[in-house]
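Q: Have a look at this fold, sequence not included:
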């Protein structure tokens with residue numbers, strides 16, 4: 001790294017993933033392509049009855065194609081035998097295709113293995129694409145911190161910072177370590193840590209936690225906890241512990257093969273030797289041929305192609321709808337969900353302040369807004385910014401003089417020799433301004449205004465509900481979700497208000513991160529299949545312990561996104577129902593393919609055992625079923641959700 005390169009630019013370069021060359025991107029497909037070309041060449045030579053294309057040359061040509069595509073599969077089957085894992089899909093594919101070579105059906109041996117390999121590539125591509133999309137959203141931990149040493153700033157890793165050292169946090173930067181604010185005052189966004197978007201105004205001596213984001217001025221913080229002891233690190237530890245309780249789902253094809261493969265192998269062996277004791281004129285080669293045909297027919301080609309293709313289609317359909325699944329098994333899990341639990345801020349609400357209501361006692365609402373906006377321009381507080389943004393630009397004609405910010409209270413200024421007050425209830429009490437006590441019962445954040453010593457009105461400001469939040473709850477109820485529950489660290493009165501407005505079944509407020517874990521544990525104890533949706537770092541432990549953890553990917557915290565099984569890139573809660581619909585459609589198509597493949601297999605297997613079905617008829621039946629399964633699997637790509 002060049003010293004001339006600025007630290008900020010260099011860090012950006014390091015974070016950017018290296019661009020893959022075209023060859024590196026598609027090199028995994030090269031063996032399949034080469035094998036396919038050799039296979040088609042050999043089939044063409046056979047079709048045109050080339051005299052020189054004798055048995056030995058066929059073995060050589062098709063053998064090369066087989067080794068290229070089938071070698072890794074055979075090797076997996078061999079290496080698993082010493083571990084006691086004998087009867088798996090690798091073993092069945094190996095003995096069936098080698099058997100095809102033994103009886104002279106070389107093209108079939110290569111073709112079946114090629115189908116299997118291509119199916120595996122499709123599944124790998126689906127999962128890897130989802131992972132890359134997730135990873136592009138993440139930058140989980142803070143790697144650098146500015147430490148003040150002898151009047152100069154030194155860049156260190158948070159793990160290197162000692163107790164008592166002072167760090168400098170610029171506006172917009174995330175705090176890396178817990179500490180004590182030594183700057184006179186600063187405002188922090190705690191949404192990533194607490195899940196709530198209400199800004200936290202700190203004064204000198206107050207505690208600042210890792211994960212908070214500095215909103216305005218440069219803040220200096222004296223470190224009071226080492227990196228391993230920060231609140232952020234403890235939450236991440238909870239995530240790891242919760243993740244450890246979540247077992248990995250074994251793919252259906254592996255489970256199926258453990259039963260299917262030994263049955264097929266033993267039946268093939270029986271088909272070879274048992275007729276010796278039953279039929280007259282027993283000819284070993286004839287019955288061996290039938291057994292090998294039986295094995296070739298029994299290859300789960302349609303299954304190993306259509307199952308990953310079905311999940312691939314489901315993951316692709318989800319991606320086009322702004323939903324990322326981290327694995328195909330989560331598509332299945334989505335179909336089992338009967339309880340959806342959601343965080344409030346950032347999930348059902350936007351996570352940003354907006355003016356909700358303007359109430360004026362004597363002036364018009366427009367006049368009151370202009371006065372308040374004019375005085376709020378002297379403040380950098382997010383609430384002030386929300387009011388200024390909401391008000392029309394002509395408020396700038398109003399000139400407020402002698403503006404003074406009273407810490408923890410609000411603003412005081414003068415307009416036409418009249419005192420203007422805009423702030424919280426403590427500000428009005430300080431200047432002995434009376435107002436209706438019922439106003440104090442309002443659940444939203446409120447700015448009270450007084451003019452010339454008299455109460456003039458108020459403005460309520462709240463984190464607005466997302467446009468599709470109500471639609472999301474309605475859609476979940478239509479999908480027969482048993483309960484839709486909201487958990488929040490916000491006041492219970494605010495939570496109850498939103499729950500009533502959206503039609504939620506249950507809502508719990510005033511919750512700490514560990515309280516959310518306890519609530520979800522109770523729901524799981526009642527045999528519920530839980531999907532939890534959140535966006536803050538505090539949501540990560542609950543996301544990890546739920547049956548399906550979902551995170552809002554646009555505005556969500558890195559920890560929540562990293563921990564989640566499903567990420568909603570668009571931040572729309574209505575996508576929760578979409579994810580369930582896609583999961584159900586995918587599962588339906590996969591099971592259609594399973595029933596189709598097994599049904600046809602059983603019929604043709606019986607014909608093969610009776611000597612009616614020949615090798616090429618078996619190939620036709622096997623490939624035909626595979627093609628039907630593929631066509632059925634890709635249907636999901638055209639479905640609308």
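A: Looks like it arrived, so ask away. Here the structure is a predicted model, which is why all the values come from computation and not from measurement. Residues are numbered from 1 along each chain as shown.
Q: Check the offset of the helix or strand residue 56 falls within from the chain's centre.
A: Here residue 56, judged by DSSP states H and E, is contained in helix 55-80. Remark: helix 55-80 is offset 39 Å from the chain centroid, using CA atoms, centre = their mean, to the nearest Å.
Q: buried sites along the top helix by length along the chain?
A: Counting by DSSP state H, the longest helix found in the chain is helix 575-609. Buried residues in helix 575-609, counted by 16 or more other CB atoms under 10 Å: 575-587, 589-590, 592-594, 596-598, 600-601, 604-605, 607-609. Any C-beta I mention is one placed from the backbone N, CA and C, and that applies to glycine too.
Q: which non-adjacent residue is nearest residue 357?
A: Distances taken as CB to CB, 6 or more residues apart in numbering put residue 460 closest to residue 357, at 4.5 Å, once the chain neighbours are dropped.
Q: and the strand or helix carrying residue 268, average pLDDT?
A: Using DSSP H and E, residue 268 maps to helix 252-273. Regarding helix 252-273, the rounded mean pLDDT is 75.
Q: so after that helix, what's the next helix or strand?
A: Per DSSP H and E, the first helix or strand lying C-terminal to helix 252-273 is helix 284-298.
Q: buried sites along that next one?
A: Result for helix 284-298 [16+ other CB under 10 Å]: buried residues 287-298.
Q: Would you mind listing the residues in contact with residue 35?
A: 65-66, 68-69, 110, 114, 117 (CB atoms under 8 Å, 6 or more residues apart in numbering).
Q: Could you find the closest non-adjacent residue to it?
A: In this structure, residue 35 finds its nearest non-sequential neighbour in residue 69, 3.9 Å apart by CB to CB, 6+ apart.
Q: residues near that neighbour, how many?
A: Counted with other CB atoms under 10 Å, residues neighbouring residue 69 total 26.
Q: Pretty sure it sits against residue 110.
A: Yes. Counting by CB atoms under 8 Å, residue 69 touches residue 110, with 7.0 Å between them.
Q: which residues does residue 452 contact?
A: Neighbouring residues of residue 452 by CB under 8 Å, 6+ apart: 418-419.
Q: Please disregard the earlier target; I meant residue 142.
A: 158, 174, 176, 210.
Q: what do you get for residue 450?
A: Here residue 450 is in contact with 419-421, 428, 431, 433, 456 (CB under 8 Å, 6+ apart).
Q: Now which of those residues would you call buried?
A: The neighbour count (16+ other CB under 10 Å) marks 420-421, 428, 433, 456 as buried among the contacts of residue 450.
Q: Inside strands: which ones of these?
A: Among the buried ones among the contacts of residue 450, DSSP state E puts 420-421, 456 in strands.
Q: Return the member of those residues nearest to residue 407.
A: Distance to residue 407, by CB to CB, is smallest for residue 421 among these, at 14.6 Å.
Q: if I look at that closest one, how far off is residue 408?
A: 14 Å (CB to CB, to the nearest Å).
Q: Check residue 331 too.
A: Distance from residue 331 to residue 408, by CB to CB: 51 Å.
Q: Neighbour count: these two, which is higher?
A: Using other CB under 10 Å as the criterion, residue 331 and residue 408 rank with residue 331 on top: 27 against 12.
Q: Tell me which other helices or strands the helix or strand harbouring that one touches.
A: Using DSSP H and E, residue 331 maps to helix 329-334. Where contact means 3 or more CB pairs under 8 Å, 6 or more residues apart in numbering; DSSP states H and E, helix 329-334 is packed against helix 301-320, strand 548-552, helix 575-609.
Q: Run a quick neighbour tally on residue 377.
A: There are 19 residues near residue 377, going by other CB under 10 Å.
Q: excluding its backbone neighbours, what's nearest it?
A: residue 388 (5.9 Å).
Q: quick one: contacts for that neighbour?
A: 373, 376-377, 395.
Q: per-residue pLDDT, it?
A: Reading off the model, residue 388 has pLDDT 89.
Q: Equivalent analysis for residue 192, please.
A: Each residue has a pLDDT score; the one for residue 192 is 57.
Q: One more: residue 134?
A: Predicted confidence (pLDDT) for residue 134: 40.
Q: mind showing which ranges of the stretch 501-641 of the chain have poor pLDDT?
A: 536-538, 553-561, 608-609, 614-624, 627 (pLDDT under 70).
Q: mind running it again at 80?
A: The model of the stretch 501-641 of the chain has pLDDT under 80 over residues 510-513, 535-540, 553-563, 569-571, 598, 601-602, 604-631, 633-634, 637-638.
Q: just the stretch 351-500 of the chain next, same as before
A: For the stretch 351-500 of the chain, the stretches with pLDDT under 80 are 351-353, 380-382, 392-397, 407-408, 440-441, 443-445, 463, 489-494.
Q: still on that earlier bit, let me know the closest of the buried residues of helix 284-298 to residue 442.
A: residue 298 (71.2 Å).
Q: Would you check that the closest one makes contact with residue 264?
A: Yes. Between residue 298 and residue 264 there is a contact under CB under 8 Å: 4.4 Å.
Q: shared neighbours of the two, anything?
A: Contacts common to residue 298 and residue 264, judged by CB under 8 Å, 6+ apart, are residue 92.
Q: Can you lay out the contacts of residue 142 as a markdown table showing secondary structure and pLDDT?
A: Shown next, in a markdown table, are the contacts of residue 142 (DSSP: H, G, I helix; E, B strand; the rest coil; pLDDT from 0 to 100):
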| residue | secondary structure | pLDDT |
| --- | --- | --- |
| 158 | helix | 87 |
| 174 | strand | 83 |
| 176 | coil | 85 |
| 210 | coil | 80 |
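Q: can you redo the residues you listed as TSV with neighbour count and distance to residue 613?
A: As requested, the contacts of residue 142 are exported to TSV (neighbours: other CB atoms under 10 Å; distance: CB to CB, whole Å):
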residue	neighbour count	distance to residue 613
158	23	68
174	19	66
176	26	69
210	26	68
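Q: could you dump those residues to CSV with distance to residue 92?
A: Formatted as CSV, the contacts of residue 142 follow (distance: CB to CB, whole Å):
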residue, distance to residue 92
158, 52
174, 52
176, 53
210, 52
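Q: okay, among those, which ones form the most distant pair?
A: Among those, 158 and 174 lie farthest apart (CB to CB), at 10.6 Å.
Q: if we can go back for a sec, what's the closest of the contacts of residue 450 to residue 220?
A: residue 421 (31.2 Å).
Q: Can you tell me the closest non-neighbouring residue to that closest one?
A: Nearest to residue 421 is residue 450, by CB to CB, 6+ apart, at 4.1 Å.
Q: The one you found - that's part of a strand, no?
A: Yes. Residue assignment for residue 450, taken from DSSP: H, G, I helix; E, B strand; the rest coil, places it within a strand.
Q: one step back: make a markdown table out of the helices and strands packed on helix 329-334 and add distance to residue 166.
A: Formatted as a markdown table, the helices and strands packed on helix 329-334 follow (distance: least, CB to CB, whole Å):
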| stretch | distance to residue 166 |
| --- | --- |
| helix 301-320 | 45 |
| strand 548-552 | 34 |
| helix 575-609 | 44 |
